[in-house]
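Peer 1: quick one: sequence and predicted model below, then my questions.
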Amino acid sequence: MRNMSYSFRRSSPPCGLPAGQAGLAGGHTVTEAQNGFGLVRHLRGEGKHTATVRWCVLVLLTAFCSEASVARGDNNGRGTKAVSLGNSFVSLADNCWAIVYNPAGLTQLSSTSASVFFVPQQFGLPELRTVAAAVVIPVGSFVTGLEVEQFGFDLYKETGLRFGVASLVDEHISAGATLNLTRITIDRYGSQTTATVDVGLLARVHENLKLGFSYLNSLGARVGVGGEQLPQVFLLGASYSIEKDLILVAEIEKDIRYETIVKGGIEQSLFDFLRLRFGLSNNPDKFSGGFSLTYSNAEFGYAGYSHPDLGWTHQIELSFGILP
Amino acid sequence: MRRTVIATCLLMVMLRPLYSQESQVADSGQSRSTYQTEKLLEDVTLDASDSQLADILARLEENPLDLNFATEAELRQIPGVTQSIAYRIIAARGLSGFQSMDEILRIDGMTDDLYQRIRQFATLGSSESPGNLVSGSLRSRTISDLQDRKGYLDGTYRGSSLKSYQRLILNYGEPRSRSKKNDSWVETGFLAEKDAGEARLNDFQAGYAMVNAPQISSKVILGDFVVEAAEGLVLWRSIGFSKGSEVVSTLEKSGGGIRPYLSTDENLFFRGGALEWRSDGVLLSAFYSNKTMTASINENGMITGFDADGYHRTASEAAKEGNAKESLLGFRTNFDLARGLSFGATAFQANFSHPLFIGGAEASSGTTMRAGGLDFRYSDRRLTLFSEFASSTSGGIAKVMGLLYQPMSRLDVALVARDYPMDFSNIHAFGFRESSGMTQNEAGVYVGVQLTPAKWLKLSIYYDQFRFPWKTSSLPLPASGNDFLSLMEVDLSKNLDLQFLYRSKSKPKSTHAEDVLGRTLSVVGQRNQNNYRVTLNYRSSVRMAWRSRFEYVKVRFSFSDPAEQGFLYMQDGRYRISEGFTLDGRVVIFQTDSFESRLYEFENDLKGTFANPALYGRGIRSYLLARAKLAHSLEVSAKYSRTVRDGVKVLSSGPGEIQGNVENHLSFQLDWGF
């Protein structure tokens, strides 16, 4: 039961919903927690529910899964490297997706690079689809990044646009900030756009040791008629490269409304082109894994993670480094 | 506990290689000092708040000691400088003096941290130009609440929500050479303060004129002043520090004598005149004060206590203002005998407008309160002994005795025993103690050990046992408790250090229970609190500093079952954008079960003040502080702080109530030196 309640830890009302709708959402959380796996089976058409119920439940589930994504792409994560390391990426933040986890990490990218990330079916549900693309361009002493993403389906949709900028503040520490614009569209309810600001710091304390900090929705933006506070998330982590080929990461994530999440991961490089990754996190207990293959300046990545109740999610990514 | 230690040791072993790769010489830049003041205040006060201490340290920073001339007693004003370090500094400077500050790094027992602290409060020679004949400083601070509290909306509070603090200090004579006592100078100070909700900008005023006349070996203060004598059993400023993670150096109070007063505690200071005469090891001071105070007066017309906050926001608070009067006459004398031995005596008589009924019936003493005490002190390179014995009108004799000993060059030990009987009653005392009320009804023994096995490692431990032999207003029975603290500070590299703190405190707490017949009884149980704290400091360069912290607290009660817990994560960054322009930001995310398991975090604040908010419930606190030096002598600083609590609709209660879950403040300060 304890685990079940965590399985919907993002189950507070979706931000864009009016108060009445939010109450309904809360009620469903309990039911689903009791039903457990039944829900997913019903959605897959194994049950005898009518199409209407199926759609309703889908809208709600989509909203649960996505609520945090206004502040950050939590459930799916963004980028296969981050996801396969258990989403502990705040202290690494060394690819395009730093813009999502820790904008300060963008300074580690010395050349223009771009990436496309695709989650065809979260928990096996095609309605919970995420497509995202990011590009990072160094400009003078700054590094800028742009990300676009879309989550959901025709009844519930989130469209996001992020703009990030980062710079070294001294030899070892960089700072960055991201402006996020998220548009939530709910069929027959209309849509609303919200702006949030994330800030991040990254410190290269030693050649082997990096510390990362990120504060998502730092200005405490609110949304909706009721002025609901969007989640503010505190991320603090460290990465340590034991050897050249082996990196350990650990991180904590705290949103005031939920338990602290402790995350960790390991990355091993094999040969020159293959990287294997594995990660764990709790609340809910998840494990993840993945790999990436590099050829010339292109990289293909795969990540998968398992949710204790909802099963596996697979993700793929293609990224390019564009030489300066 | 054992697991914590083992884990810590393992971590140290793992990270040790980082250190050996880098030079072990401390940087001569200022990068470390970014967190110094904050850490210092945190070290000496733990979770108390002492606005006068912030003032005193700010003044010491503004008028740094001259390391080549400072006496041993002056050096010990810098928290962290023990007796033995002070002696070694004096021995090391010899006759020729130090040429560079870095020379003190070679002194045995000096740590990087202490070195940086000395740099903050001491200089070499008068590097500042001699200055003008007349000089001064102006400080203007305003703090505003951005929320409307109930008291302002319904008119309960008489004034605006703006808090204002205006201070002016003028010097005539040789400024910035205070360590040279042979100059004559005059200093005057004036302060006007208004708390939020008070009607007048000068609701509280303080001021003084101080004259130093070396020709007649005298110092005179007219106006507001405080007296710090010996160990504080007869006279002390209204507050002081007792226990902290500075476990040895701050234990001996050894009062600084008469001091001008320009702080904002509105009651326990003196207003009148004080004279200090000093010659060849003899000190004699006499003082007279006559002032009104704000007291709680019961239906029998007896004073039961003095207001600590000094608020005059509501009509009833304002009506109480100045409802009691005290006139006081006292003296202090001290003789330095040969070989580090000194004796002193302090006494005063105070007459009040109403009879006192403070500290219970055992200690009440009519309208007249007298207290007197004798103190002695011995110190040599390795050993300091100090003690004070004091008696008051009600008859009890309060005693405090201490020993500071350095058996080895990197080991400091402190032992302090105190006994303050119930019938010792002195509102002007502030002895070393556990309880927060009067210096009364407490006995205890404190042991502190500070070990510096290497320049990169410092261990501090104290253990304090105390008992309250009589009932108190909050405890119906005699009770006892203890307090343990251990702190390990590890410099992993020149720029990276870790601190591990463990504190365990067991304190009596009263509660109600029912007996077999269903009658309600008052019983005393224990409240056990354990705090675990890990702090990481990283100074990337002169420009940027980083601090992360995790703290966990667990509170258990012997009389109720569920333990309470709480934790916080903190991230702080400081950035010096350019010379004279710094930016400082922090985010703290906290979660505790209730106010009982509250956690504190010290905040850097506008100069001369600090914040130490109690965090409880679930929420986020963040702030941004900017300081800019606009011209050589003009500095502007501003702070914006914001606390959001989750799951609450109303904050605070009574007239201070705020609708909503956000509380934010904006403060602004201007410092002008001329």
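Peer 2: Looks like it came in fine.
Peer 1: what residues does the stretch 151-300 of chain A have near chain B?
Peer 2: Remark: the part of the stretch 151-300 of chain A in contact with chain B comprises A:169-173, A:175, A:201, A:203, A:205-206, A:208-209, A:211, A:213, A:215, A:218, A:220, A:229, A:232, A:234, A:236, A:252, A:254, A:256-257, A:260, using CB under 8 Å from any CB of the partner chain. For the C-beta atoms, the positions are set from N, CA and C on the backbone; glycine is no exception.
Peer 1: who does B:A398 form a beta bridge with?
Peer 2: B:A390 (DSSP bridges).
Peer 1: ok, it - how many residues close by?
Peer 2: Neighbour count of B:A398, defined by other CB atoms under 10 Å in any protein chain shown: 27.
Peer 1: output the lengthiest strand in chain A as PDB, nothing but the C-alphas.
Peer 2: The longest strand of chain A (DSSP state E) is strand A:190-206. Provided in PDB are the C-alpha atoms of strand A:190-206 (Å, rounded to 0.1, in the frame of the first residue of the first chain):
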ATOM      1  CA  GLY A 190      -9.200  25.500 -22.900                       C
ATOM      2  CA  SER A 191      -5.500  26.200 -22.300                       C
ATOM      3  CA  GLN A 192      -3.200  28.200 -20.300                       C
ATOM      4  CA  THR A 193       0.500  29.200 -20.600                       C
ATOM      5  CA  THR A 194       2.800  29.400 -17.600                       C
ATOM      6  CA  ALA A 195       6.300  30.700 -17.200                       C
ATOM      7  CA  THR A 196       8.700  29.300 -14.700                       C
ATOM      8  CA  VAL A 197      12.400  30.000 -14.100                       C
ATOM      9  CA  ASP A 198      15.000  27.400 -13.100                       C
ATOM     10  CA  VAL A 199      18.400  28.200 -11.800                       C
ATOM     11  CA  GLY A 200      21.500  26.000 -11.500                       C
ATOM     12  CA  LEU A 201      25.100  25.900 -10.300                       C
ATOM     13  CA  LEU A 202      27.800  23.400 -11.300                       C
ATOM     14  CA  ALA A 203      31.100  23.200  -9.600                       C
ATOM     15  CA  ARG A 204      34.200  21.300 -10.700                       C
ATOM     16  CA  VAL A 205      35.600  20.900  -7.300                       C
ATOM     17  CA  HIS A 206      38.400  18.600  -8.400                       C
END
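Peer 1: next secondary structure element downstream of that strand?
Peer 2: Counting by DSSP states H and E, the next helix or strand C-terminal to strand A:190-206 is strand A:209-216.
Peer 1: quick one, that following strand and strand A:190-206 angle?
Peer 2: Counting by axes from the mean of the first three to the mean of the last three CA atoms, to 10 degrees, strand A:209-216 lies at 160 degrees to strand A:190-206.
Peer 1: buried residues in strand A:209-216?
Peer 2: A:L209, A:K210, A:L211, A:G212, A:F213, A:S214, A:Y215, A:L216 (16 or more other CB atoms under 10 Å in any protein chain shown).
Peer 1: so which of the residues you listed is the closest to B:K455?
Peer 2: For these, the residue nearest B:K455 by CB to CB is A:L209; the value is 21.4 Å.
Peer 1: is the closest one in contact with A:Y240, as I believe?
Peer 2: Yes. Applying CB atoms under 8 Å as the test, A:L209 and A:Y240 come out as touching, 5.3 Å apart.
Peer 1: coming back round to it: now the residues of the stretch 151-300 of chain A next to chain B: which count as buried?
Peer 2: Neighbour counting with 16+ other CB under 10 Å marks A:169-170, A:172-173, A:175, A:201, A:203, A:205-206, A:209, A:211, A:213, A:215, A:218, A:220, A:229, A:232, A:234, A:236, A:252, A:254, A:256-257, A:260 as buried within these.
Peer 1: what pLDDT does B:A48 get?
Peer 2: Per-residue confidence at B:A48 stands at 51 (pLDDT).
Peer 1: ugh, typo on my part, it should be B:A122
Peer 2: 84.
Peer 1: that one pairs with what?
Peer 2: Counting by DSSP bridges, B:A122 is bridged to B:L65.
Peer 1: does it touch B:P64 like I think?
Peer 2: Yes. Using CB under 8 Å, B:A122 is in contact with B:P64, at 5.2 Å.
Peer 1: and the residue of the stretch 351-500 of chain B that's closest to chain A?
Peer 2: Taking CB to the nearest CB as the measure, the stretch 351-500 of chain B has B:L496 as its residue closest to chain A, at 5.6 Å.
Peer 1: okay, and the residue lying closest to that residue once chain neighbours are set aside sits in which element?
Peer 2: Once flanking residues are discounted, B:L496 sits nearest to B:Y538: 5.1 Å by CB to CB, 6 or more residues apart in numbering or on different chains. Element membership for B:Y538, per DSSP H and E: strand B:520-539.
Peer 1: flag every buried residue along that strand.
Peer 2: So, applying 16+ other CB under 10 Å, buried residues of strand B:520-539: B:524, B:526-539.
Peer 1: same check, this time on stretch B:296-306
Peer 2: B:I297, B:M302, B:I303, B:G305, B:F306.
Peer 1: for the fourth one, which three-state class applies?
Peer 2: To tie it back to what came earlier, the one meant is B:G305. strand (DSSP: H, G, I helix; E, B strand; the rest coil).
Peer 1: so what's it bridging to?
Peer 2: Per DSSP bridges, the residues bridged to B:G305 are B:S296.
Peer 1: please apply the same query to B:S548.
Peer 2: Beta-bridge partners, per DSSP bridges, of B:S548: B:L536, B:Q571.
Peer 1: just to check, it is in contact with B:Q571?
Peer 2: Yes. Using CB under 8 Å, B:S548 is in contact with B:Q571, at 5.4 Å.
Peer 1: for stretch B:280-287, what is the distance to the chain centroid?
Peer 2: 26 Å (CA atoms, centre = their mean, to the nearest Å).
Peer 1: buried set for that stretch?
Peer 2: In stretch B:280-287, counting by 16+ other CB under 10 Å, buried: B:L283, B:L284, B:S285, B:F287.
Peer 1: rewinding a little: how far away is the residue nearest to B:L496 from B:K458?
Peer 2: Per CB to CB, to the nearest Å, B:Y538 is found 18 Å from B:K458.
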